[in-house]
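Structure for the following, please:
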Amino acid sequence: MNPLKPALAFLGLMAAAPAAFAAGECGDVSIAEMNWASAGLAAWVDKIILEEGYGCDVALVTGDTVPTFTSMNEKGEPDVAPELWVNTIKVPLDAAVAEGRILVASEILTDGGVEGFWVPTWLAEKEGIRTIEDALARPELFPGAEDDSKGAFFSCPSGWACQILAQNQFRALGGEGKGFELVDPGSAAGLDGAIARAFNREEGWLGYYWAPTAILGKYDMTRLDLGVEHDREHWDSCTSINNCPDPKLNEWPRSAVFTAVTSEFAESNAVTMDYLGKRAWANDTVNELLAWMGDNQATNEDGAWYFLENYPDIWSAWLPGDVAARVKDAL
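Alright, predicted model coming up:
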């Protein structure tokens, strides 16, 4: 049995009876502002709605997948992680949910997150590249490695949970023996910059990326077929484990992306749980917002206000009428 299901069922009951919590007060809330764009945007949307609509006092704290989950699980803080990509932490998250330390409020991305290895679509069509093996057979098409004699295979940024996944997949593919160097972009900005540079120079690019993102809205990329099925057992026991001794190539699953809260927060700030249980959006919506933010050099806060001003049909459905009215007044 999946321990996440009872948590979702419990919160579903809460969502079905918001009036039961209407008399409560919100109080102080700490929210993880993760260091990638879609999660940072979600954190600011939550901050504005909880402050303006519910009267909460919201503090944003810097976050990332593994350290944020670990802190919530062991210390009970922060209260909320709006966009927690759980593929790498599924086993300990299941345990935390089963043992009552953490609750899953909602699946924030209604169509899930997408991860994998990508190449520019124009290159895929020109060179007939459809699979990862097609790409690995042509290292000369992918410049960017420190060693000019090798192709560049871009990894996930340092410190991100997906870095472990990308490293293990690269080793499973035998990338080094096929003439590739695994390149650490250093940051999300570095990874985006590498893609933009490749398109501006009309050069090939190969590496890890995910959606929703502004980059995949701006640049036409093709996700490569790995030629294998997803093996959940191997994923949990090896693919997601740092320095796993014998990784096997493993297709990415549909990425479950949850809003997680501590059980203490759910009990003490129950008035907000109806909102967090309903708050979800589609990748297309997020891609549009992130593209606008990129084009306008907008901050997470700017993007949140833009969303509230231009997508009222989406967010007003998350809120009781009186709360939605207060948010509209703040605009």
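
Now do the contacts for the residue minimising distance to the centre of the chain.
Taking Cα atoms, centre = their mean, the centroid of the chain lies closest to residue 85, which sits 4.9 Å from it. For residue 85, the contacting residues are 65, 113, 161, 162, 255, 256, 257, by Cβ atoms under 8 Å, 6 or more residues apart in numbering. Just so you know, the C-beta spots here come from the backbone N, C-alpha and C atoms, and that holds for glycine as well.

Provide a list of residues in contact with residue 313.
Counting by Cβ under 8 Å, 6+ apart, there are no residues that residue 313 touches.

Now do the SS call for it.
helix (DSSP: H, G, I helix; E, B strand; the rest coil).

Now intersect the contacts of residue 85 with the strands, please.
Those of these mapping onto strands are residue 257, per DSSP state E.

Tell me where the stretch 51-200 of the chain has helices.
Along the stretch 51-200 of the chain, the stretches classed as helices by DSSP state H, counting those that start in this stretch are 65-75, 90-98, 121-127, 132-136, 161-173, 188-201.

Turn the ones you listed into CSV, including mean neighbour count and distance to residue 54.
What follows is those, written out as CSV (neighbours: other Cβ atoms under 10 Å; distance: least, Cβ to Cβ, whole Å):
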stretch, mean neighbour count, distance to residue 54
helix 65-75, 18, 21
helix 90-98, 18, 25
helix 121-127, 16, 44
helix 132-136, 21, 47
helix 161-173, 21, 31
helix 188-201, 16, 31
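
Go ahead and confirm residue 244 touches residue 168.
Yes - in terms of Cβ atoms under 8 Å, residue 244 counts as a neighbour of residue 168; the distance is 5.6 Å.

what do these two both touch?
With Cβ under 8 Å, 6+ apart as the test, residue 244 and residue 168 both reach residue 238.

care to break this structure down by domain?
4-16+23-112+255-330, 114-239 (automatic domain parsing).

closest one to residue 248 among those domains?
domain 114-239 (5.4 Å; Cβ to Cβ).

In contact with the spatially most distant residue from the centre of the chain, which residues?
Relative to the centre of the chain, the most outlying C-alpha is that of residue 149, 34.0 Å out, by Cα atoms, centre = their mean. Listed by Cβ under 8 Å, 6+ apart, the contact partners of residue 149 are residue 179.

gap between it and residue 179?
Separation of residue 149 from residue 179 (Cβ to Cβ, to the nearest Å): 8 Å.

Show me which residues of stretch 281-293 are buried.
Buried positions in stretch 281-293, judged by neighbour count with 16 or more other Cβ atoms under 10 Å: 281, 283, 285, 286, 287, 288, 289, 290, 291, 292, 293.
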